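1. sequence-free structure coming up:
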């Protein structure tokens, strides 16, 4: 694509390099450990002559490099604007239900958490992104799940967890406790990186995708979306070794935010360039009634 | 563009099929002679762990100092950010209070929100370098309800 921004090119370039845990990286790891075990003996023998006072580095979580592009964008641009856009001056606190009192709403509805007063510390923010895929082929053989597992790991850079079915459904040949899908939760740098990939690379390439619906959201500030199997091949990590995946699977992505309403959640996501559909709600255009009068005036 | 590993796995598949490998469903991970699942399983779960990183005491102090310094920088940035937001919020609150006291109609208009408001699609996230086309002057203005009203 000629119109690739530099940021997109960086993303694609990063994807072409092996990710932690990606196929190629593991091949290299095989080779390097083989070499290390061969040569290691000689190294330790020389080292044991001197005092070996080396300390084991304990790796606690991800080392933050601070180069998350979308997080910077959120802090510089989106956060301030969101504070203004979601501000409600006339806020009245709802009557809190005292402890121990059980309130039941009609129609199996849930009581939403009471909204809190607007504050500079309570601005809608992205908390986590859940990527989940369920594969029906896993019913036939659980090893069919490996393709989806590997795909999600390549896309997100994190090892997913396998989801087992809670209940059995006999018509679908599903037993309780069958491995049926995989899910991964992304937070922090990895979350922003995944969102960046989606918005810059994958969504523009999707055919006939008009954008998220105008009414997207679950009324408590979270937004979910689904992708067909064809979308998987648009990710740079999968595009490069397409043949290694036996099966292409669809997946869904859920954005969890600290927003309280659908509007706030949509505002937040659109701040990251997530496209939403929009209807033209302007007043209907006035018909050309003035035309004959102009003609008569000129004539 | 397939990697050499993909090509070797596919070649293994074709060879197995040509050699008349029996189609057995319960044959471990290789379903119907598909060697790719075997490879994926090996890569994901049977790969040996990386050798642990060992640092000398000076290297360790160096590492810890760098980590602490970076943490401090991030802390200061966050503090700055929070203070800036608090100041802006206070100014906004005062302005709203003044408007409420001044004109009830204007205040009501200021508080009504558009239900389907989103950031404009032309919003540009920050990049290292500017785009090839800085601004499209010939593009017609985006027809959003807000602009038309």
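-> Great, that's in hand. From a predicted model like this one, the values you see are computed outputs, not experimental measurements.
2. tell me, which helix in chain B spans the most residues?
-> helix B:57-102 (DSSP state H).
3. can you get me a residue count around whatever residue of the stretch 101-250 of chain A ends up closest to chain B?
-> Proximity of the stretch 101-250 of chain A to chain B (C-beta to the nearest C-beta) peaks at residue A:120, 3.7 Å away. From N, CA and C alone the C-beta is placed, and that goes for glycine too. Number of residues near residue A:120 (other C-beta atoms under 10 Å in any protein chain shown) recorded here: 20.
4. what sits against it?
-> Residues in contact with residue A:120 (C-beta atoms under 8 Å, 6 or more residues apart in numbering or on different chains) are A:83, B:82, B:85-86, B:88-90.
5. give me the pLDDT for it.
-> Residue A:120 is assigned a pLDDT of 96 by the prediction.
6. how many other residues sit next to the closest residue to it other than its chain neighbours?
-> Setting aside the residues directly before and after it, residue A:120 is nearest to residue B:89 in space (C-beta to C-beta, 6 or more residues apart in numbering or on different chains), at 3.7 Å. Using other C-beta under 10 Å, the number of residues around residue B:89 comes to 19.
7. check contacts around residue B:89.
-> Contacts for residue B:89 (C-beta under 8 Å, 6+ apart) come out as A:83, A:118-120.
8. so the residue of the stretch 101-250 of chain A closest to chain B is in which element?
-> Residue A:120 is part of no helix or strand when elements are defined by DSSP states H and E.
9. can you name every helix or strand that the host helix or strand of residue A:191 contacts?
-> Here residue A:191 sits within helix A:189-197, counting by DSSP H and E. Here helix A:189-197 is seen to pack against helix A:6-16, helix A:69-73, strand A:126-134, helix A:145-156 when contacts are counted using 3 or more C-beta pairs under 8 Å, 6 or more residues apart in numbering or on different chains; DSSP states H and E.
10. as JSON lines, these with mean neighbour count and distance to chain B would be great.
-> What follows is these, written out as JSON lines (neighbours: other C-beta atoms under 10 Å in any protein chain shown; distance: least, C-beta to the nearest C-beta, whole Å):
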{"stretch": "helix A:6-16", "mean neighbour count": "16", "distance to chain B": "5"}
{"stretch": "helix A:69-73", "mean neighbour count": "19", "distance to chain B": "5"}
{"stretch": "strand A:126-134", "mean neighbour count": "19", "distance to chain B": "14"}
{"stretch": "helix A:145-156", "mean neighbour count": "25", "distance to chain B": "5"}
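11. before we move on, the earlier item: state the mean pLDDT of the helix holding residue A:191.
-> Per-residue pLDDT over helix A:189-197 has a mean of 95.
12. next one: that helix to chain centre, how far?
-> Centroid separation between helix A:189-197 and its chain, computed with C-alpha atoms, centre = their mean, to the nearest Å, is 7 Å.
13. and what of stretch B:124-143?
-> Centroid displacement of stretch B:124-143 relative to its chain, using C-alpha atoms, centre = their mean, is 22 Å.
14. buried sites along that stretch?
-> Buried residues in stretch B:124-143, defined by neighbour count with 16 or more other C-beta atoms under 10 Å in any protein chain shown: residue B:125.
15. near chain A at all, it?
-> Yes: Stretch B:124-143 is in contact with chain A by C-beta under 8 Å from any C-beta of the partner chain, via B:125-129, B:131-132, B:143.
16. export these to JSON lines and append columns for secondary structure and pLDDT.
-> Listed next are the residues of stretch B:124-143 next to chain A as JSON lines, based on DSSP: H, G, I helix; E, B strand; the rest coil; pLDDT from 0 to 100:
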{"residue": "B:125", "secondary structure": "coil", "pLDDT": "91"}
{"residue": "B:126", "secondary structure": "coil", "pLDDT": "86"}
{"residue": "B:127", "secondary structure": "coil", "pLDDT": "88"}
{"residue": "B:128", "secondary structure": "coil", "pLDDT": "86"}
{"residue": "B:129", "secondary structure": "coil", "pLDDT": "90"}
{"residue": "B:131", "secondary structure": "coil", "pLDDT": "88"}
{"residue": "B:132", "secondary structure": "coil", "pLDDT": "91"}
{"residue": "B:143", "secondary structure": "coil", "pLDDT": "53"}
